[in-house]
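Colleague: return atomic coordinates for the entry below.
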Amino acid sequence: MSKKPNGLDSKLRAVNLGSSRKRALESDEESGSESEENYKNIKSTRMSVSKGTKEGYKPGSIKHISLRNFVTYDSIEVSPGPNMNMIIGPNGTGKSTIVCAIALGLGEKPAILGRAKDLSEFVKHGHAQGHVEITLAGPAHMADSDVKIRREIYRESNKSIWFVNDRQTTAAEVIRVTKELNVQVGSLCQFLPQDRVVEFSKMSPQDLLRETVMAVGRDDLIELQKKLVEKRQKERKMIEDEKRLLLEAQTLKKKNEVLERDVQRWQERQQAESQLRVLTALVPVARYTQAKARHDQAKEERRKAHVHYQEVRNATGPAEAEILELETRVAASENQRRQLADRRVLLEREARKQLTKCERLESAQRDLNSEMDALKRRAQKRKETIAALRSEIARLEAEFGEIPRPPDAEPEEMLQEIADLRSRKLEMNNEIIQIQEEQNGLSRSGTRINADIGSRTAQMRDLDDVVVQRREALRRFNEDTFKALEWLEANRSMFSQHVFAPVCLEASVRDSRFAAIIESVVGMSTLRTFVVQCDEDYHKFARNVIDTMKLRVDVVSLRKTLDDFHPPLPQSRLSSLGFDGYALDFIDAPRPVLAAMCDRDRIHETPVALGSVDNQAIESQNLFKEYVADGTKYSITRGRYGSRASTVTTMRTRPQARLLSAGETDESRAQRERLTREIDELRNQLGENEKTMRKLGMRERKVRDSHRQIEFRESELRKERENRTEAMRVFNRAQVRIESKQAQLDSLVSEERKEAQGGQTLVQQERKRIESELRENAQSRTQAIADVAQAVSEIATVLHDAASTGLQGLCNARALNSLREEADRQRRAVDEAREAFERANLAFGEAKEHAKMCLEETRSVTDGMTDDERQAVRDAQEQRREVTCEELEIELSTCRQRLSMAANSGLSARVMEQYAERKAQLENVETECERIVVGLRSVRNQKRSLRRKWEGPLNQIIQEISENFTRMFDHIGCSGEVRLKRVGDGVVSVPDTTATADMDPEHDENNDGDNSQQEPPRDDEDYGSWGIEIRVSFRSNEDLQALDNHRQSGGERAVSTIVYLQSLQSLVAAPFRVVDEINQGMDQRNERLIHALIVNTACQPDVGQYFLITPKLLQDLEYHPMMKILCIFNGEWQPEAFNFSKYISNARSTAVR
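Modeller: You can find the predicted model right below:
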């Protein structure tokens, strides 16, 4: 194995066969005479070619390429030849990188390459910037004026800076310069990168036509095609407008044909209505005549009624005066009667008052008599009461006289003791409350400490639970996978078989030392992959999680089992190389999960070791593709061609696993120690709290015992005080009863003694008072009776006067009623006369208004008439002088009925308006239709002229391409053709026989004057869908088939693609073409034939520059002196020095043998 050079990431060795002597000598200054002689022999065969092509670069050809820190290169300079340049070298050496440099260096975007999206990804890893510098041959009219374009790319900003001939410029300026030189990097027909080879066969016929026309430099044909598409669209729109207008004109004509009959009927009706107006005017005239006669009659009747009303009104004066006098008398009599009645009421009220007074005096007399009787009974009752009181006093003295006086209920000593007890009790209550508060505080503190202990214990359990740790790591690593896991755990019942969680949760590493190693072998995408055991569950999981929940997760369903995966070497052989085992040996997981890991990451084939292993033996014997040893992951790749040399890529493993960690990390260990320390401290605090609680409990019990003793003593004192209070209450109640009875007895005895001694007692005083009141009462009764008699006499006098006054009033009232009846009769006569006058006046007003209305009606009818109609009305009036108004109305009604029957037909004045409007619309439509026909004729002529200018050159180009394509396919023993695919849009343009004859050639700038022949109608005018169709056949018994991405194989598509590109070689206008690895998928026969075909077509004078990139090179391929071969040898394991001359000498000697 070659030793990797120090401080050198990669180197390049470019071998330019056919280059100058100076460059050959510079590649190896120490070569011997043999090498120089061999070089001279080679030079002699190519000197003429080099001399001839020194100035053979077409304008825009690439003369020099220089790269710095670009993709895989630190530095490279390439000087291609003016004709065919063949770039060869093993896979991965950077051949396609040169293609990328050409594209990016000439102004294209990364997307055209089909690789990276960002420009910064083309800067070599580990460098901040890189650059591409390309030197193009300048225009032919400017000698020695090469164009040097440099693009500096910056990784951090993902931007670039442009320079043209060492002058900073813009990307737009670079594109302008390349466009002037006809560089076509964006065309697949001119620039076909490796990653876009497959896109060529996927191109639609339309895209292939556009790319081909651009490749041959006929941009004018593309512009003509765009104009044709626009003309065709305009033609189709005008055809549709013409059809629409013709249909609209036909509809308008049919509608107006129907209206013509209605117009005639409407005109006849108008004549009949004119006659009706003449007849209608006679009725108001007749009405006015009758109204005028009624007006004169009503005026006379009103005059007569007014005269009668004045006469009746004057006759009612005397009767009204008599009624007025009698009403005055009646009012005086009524007033006197009311005064007498009021006097009678007053007298009656006074009489009732005196009667009430007599009744009250009689009642008072009865009360005084009762009091006198009570005094007599009271003396007897007093004697009985004295005897009863003496007996009661004697009994009470006998019952309570011997009881001593009880002591005081609340002595001073007892009150002082009770006050002391209450003070001590209050102090104890305060002390108990303080103790309880301290206990509550300790209880809350204990609850908090227990919660803290529980929390830290749970954290300790979480540290011990690997699954919890891994779930948290998975959540931080990929949120979508964690959400999918939560959904799976909640919906496992919907699956027919067990669905495994992500691999990082199902798998565990047996030895924590191998966790980081296993994680470097197993991809991160595998660690977050769900494993299902049947297709049904796979589709159900994908439908719910990926489609519905829109989560980006990985899921796999395998039909293989773990038994289907076998290690490549036995364990004994593995141990001899220094390995501890395969990655599979250190993983514990369900068998389906292990099978998925074997299928995705080949863990059964990847050996691992904690220490170093025999790297040289492993690489020399090609034992493994990947292995891990001593903290480094080794990946071995071998070339597919030539010596199949191996390339080793190394990568250091992570110091610690992210998802598969089985042991404690330093962070988790520190966290565990901290939690243990905090739990111990909390438990010590809890113990101290418990000791304090016990002390407080003992103290509380002592205080409560003392408190209970005080309460017991308080209860004893309370009972003693209650007993003393009850005894004093009983003693006091007995004393009060005896004293009360004795006082009552003394009062009665004293009163009795006074009466016995002859003194005035209260009873005697009371008797005298009653006798005096009886005398006063008798006098008052006598006076009241006299007042009643006087009032009755006055009442009788008032009643007599009232009767006389009432009788006189009745006589006056009877006379007044008679006069009023007569006056009412006269008033009714006046009212009737007034009403008759008002009715006559109203009739006169109505007749007057009716006459005015009739006059106005007559004027309104006749004002709108013509002179002929007025004369007709006068004539009709003369003819119908004897006809009454009613008869005229009957005649008018009959005429109206006849017109009403005509009106039911639905005709109106709108008929004439519609007829005129539609007639005007029809004229406008016909004018517009004629304008469209003229315009359509012009558009078709322009379209035909454009088509001739476009289709003719296009047919010539495609015909030449098809001839080249057919000839080349015949050369390789196959059949093929290229043809123009015409497509229609479903609308056939019917030729206008008058179009060319009527068209003025001077007004059509595209008319070539040849209008003698007319094209047959055909449906092929969807010009935007025209394309190029490649038809091939690779077998003798097979018809030609269209080339597409499905019918032919990959090799057949590659052959067809390169043959088509070579068919364009003689037509292209671009200065250079690039084809990258087009021979992929070809067999040796086709590869040789295609190579010879490329050489023959590319190595022709004035053909242009050609770049062919291929990773494989068969022996004895065709060679041409105009070819230049660039050998790429780029990699980490190449030698420091490379003897160029010795390599050529060995090659020549080998060829001679």
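
Colleague: going by C-alpha atoms from here, please, whenever you check contacts or count neighbours.
Modeller: Fine.

Colleague: where does the stretch 551-700 of the chain dip in pLDDT?
Modeller: 639-646, 656-670 (pLDDT under 70).

Colleague: tell me which stretches of it form strands.
Modeller: In the stretch 551-700 of the chain, the strands defined using DSSP state E, counting those that start in this stretch lie at 554-557, 581-582, 587-588, 607-609, 626-629, 632-638, 646-652.

Colleague: what pLDDT, on average, does the helix ranked longest in the chain get?
Modeller: When the chain is parsed with DSSP state H, its longest helix is helix 762-863. What helix 762-863 shows for mean pLDDT is 77.

Colleague: off-centre distance for it?
Modeller: 91 Å (Cα atoms, centre = their mean, to the nearest Å).

Colleague: packing partners for that helix?
Modeller: When contacts are defined as 3 or more Cα pairs under 8 Å, 6 or more residues apart in numbering; DSSP states H and E, helix 762-863 packs onto helix 219-314, helix 317-400.

Colleague: what's the first one packed up against?
Modeller: To tie it back to what came earlier, the one meant is helix 219-314. Going by 3+ Cα pairs under 8 Å, 6+ apart, helix 219-314 lies up against helix 205-215, helix 762-863, helix 867-879, helix 885-903, helix 910-971.

Colleague: can you lay out these as JSON lines showing distance to Arg753 and mean neighbour count?
Modeller: As requested, the helices and strands packed on helix 219-314 are exported to JSON lines (distance: least, Cα to Cα, whole Å; neighbours: other Cα atoms under 10 Å):
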{"stretch": "helix 205-215", "distance to Arg753": "159", "mean neighbour count": "21"}
{"stretch": "helix 762-863", "distance to Arg753": "12", "mean neighbour count": "15"}
{"stretch": "helix 867-879", "distance to Arg753": "146", "mean neighbour count": "14"}
{"stretch": "helix 885-903", "distance to Arg753": "135", "mean neighbour count": "14"}
{"stretch": "helix 910-971", "distance to Arg753": "141", "mean neighbour count": "17"}
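
Colleague: tabulate those helices (JSON lines), appending distance to Asp367.
Modeller: JSON lines is the format used below for the helices and strands packed on helix 219-314 (distance: least, Cα to Cα, whole Å):
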{"stretch": "helix 205-215", "distance to Asp367": "145"}
{"stretch": "helix 762-863", "distance to Asp367": "10"}
{"stretch": "helix 867-879", "distance to Asp367": "119"}
{"stretch": "helix 885-903", "distance to Asp367": "108"}
{"stretch": "helix 910-971", "distance to Asp367": "118"}
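
Colleague: could you point out which of these sits nearest Leu346?
Modeller: helix 762-863 (9.2 Å; Cα to Cα).

Colleague: quick one: that closest one to helix 867-879, angle?
Modeller: 100 degrees (axes from the mean of the first three to the mean of the last three Cα atoms, to 10 degrees).

Colleague: got the angle for helix 762-863 vs helix 317-400?
Modeller: 140 degrees.

Colleague: give the rounded mean pLDDT of whichever strand or helix holds Ile65.
Modeller: Following DSSP states H and E, one finds Ile65 within strand 62-70. For strand 62-70, mean pLDDT rounds to 91.

Colleague: pull up the distance across stretch 72-82, start to finish.
Modeller: Stretch 72-82 has an end-to-end distance of 26 Å (criterion: Cα to Cα, to the nearest Å).

Colleague: swap in stretch 81-90?
Modeller: First residue to last in stretch 81-90 (Cα to Cα) measures 22 Å.

Colleague: who are the packing partners of the strand holding Ile65?
Modeller: Using 3+ Cα pairs under 8 Å, 6+ apart: strand 62-70 touches strand 73-78, strand 129-136.

Colleague: if we can go back for a sec, most tightly packed of the helices and strands packed on helix 762-863?
Modeller: Most buried of these, by mean neighbour count (mean count of other Cα atoms under 10 Å): helix 219-314, with a mean of 16.

Colleague: chain center to that one, what's the gap?
Modeller: The mean C-alpha position of helix 219-314 is separated from the chain mean by 56 Å, Cα atoms, centre = their mean.

Colleague: nearest spatial neighbour of Leu1126, skipping sequence neighbours?
Modeller: The shortest distance from Leu1126 to any non-neighbouring residue, by Cα to Cα, 6 or more residues apart in numbering, is to Ile87 (4.7 Å).

Colleague: that'll do, ta.
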